[in-house]
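In: prediction below, plus the sequence it came from.
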Amino acid sequence: MEKLLLVSLFQNVTGLLRQVEPDLKGKSVTYIPTASRVERRGFLARMSRWALRGMGLRVDAVDVSTAPYEAMRRAFERNDLVFVVGGNTFYLLQELRKSGADELLREAVRAGKLYIGESAGAIVAAPDIAYSRAMDRPDRAPDLRDTVGLGLVDFYPVPHANNRELGPAAERIVREHAGALDVRPFDDNQALYVENGAVRVLNT
């Protein structure tokens, strides 16, 4: 059973994680902070990590831009959930591809491990990430040869709707792509929960 929780700002919606995964005690999460490395998002990434620990989860941080392949493989196998932090989606996809973590991540989701994607972590789950250019800087990923995403969902998540800083970019994405793509905007107090292909909007 494939399960995904796509969010904009995790610290705003921690209750929604408990709603879809009520039994977190004693569980562990593969925590991927890589997207935040090239953006000034370090504080937000730390807040997400603190929030997960505060919920009783053991956080196993794996930066896919530096971790050895075998260390990543073992982390995906032993941990119960996957959390992908926000930041630059293009850099995130580049490093997932270069490291081989993209396929490890897909295997974990196919095995039924809950995928929590925050901002860039939500966008990278789409079939392709080119639609997010208004929100991200592709030049941060000079080695990325194409923009094919992880394909964990068949729609195009648009986080940060109505956000003061990123809301205009979210509006532009919807305006430019709504006619051609199945774009799904959600704000900082919502989440898209996907279970075996069925999508629900959750509100705090």
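Out: Great, that's in hand.
In: show me the contacts for the closest residue to residue 194 other than its chain neighbours.
Out: Using Cβ to Cβ, 6 or more residues apart in numbering and skipping residues adjacent in sequence, the residue nearest residue 194 is residue 4, 4.3 Å away. Heads up, the C-betas are built off the backbone N, CA and C, glycines and all. Residue 4 makes contact with 109, 114-117, 125, 152-153, 192-194, according to Cβ atoms under 8 Å, 6 or more residues apart in numbering.
In: which secondary element of the chain has the worst mean pLDDT?
Out: Least confident helix or strand, the chain: helix 42-54 with a mean of 85, by mean pLDDT, DSSP states H and E.
In: for it, name the packing helices and strands.
Out: The contact analysis (3 or more Cβ pairs under 8 Å, 6 or more residues apart in numbering; DSSP states H and E) places helix 42-54 against strand 28-32, strand 58-61.
In: any idea of the angle the first one forms with helix 42-54?
Out: Orientation note: strand 28-32 sits at an angle of 170 degrees relative to helix 42-54 (axes from the mean of the first three to the mean of the last three Cα atoms, to 10 degrees).
In: low-scoring stretches of this structure, by residue?
Out: Counting by pLDDT under 70, the chain shows low-confidence ranges at 41-42.
In: report the separation between residue 198 and residue 153.
Out: Distance of residue 198 to residue 153, given as Cβ to Cβ, to the nearest Å: 11 Å.
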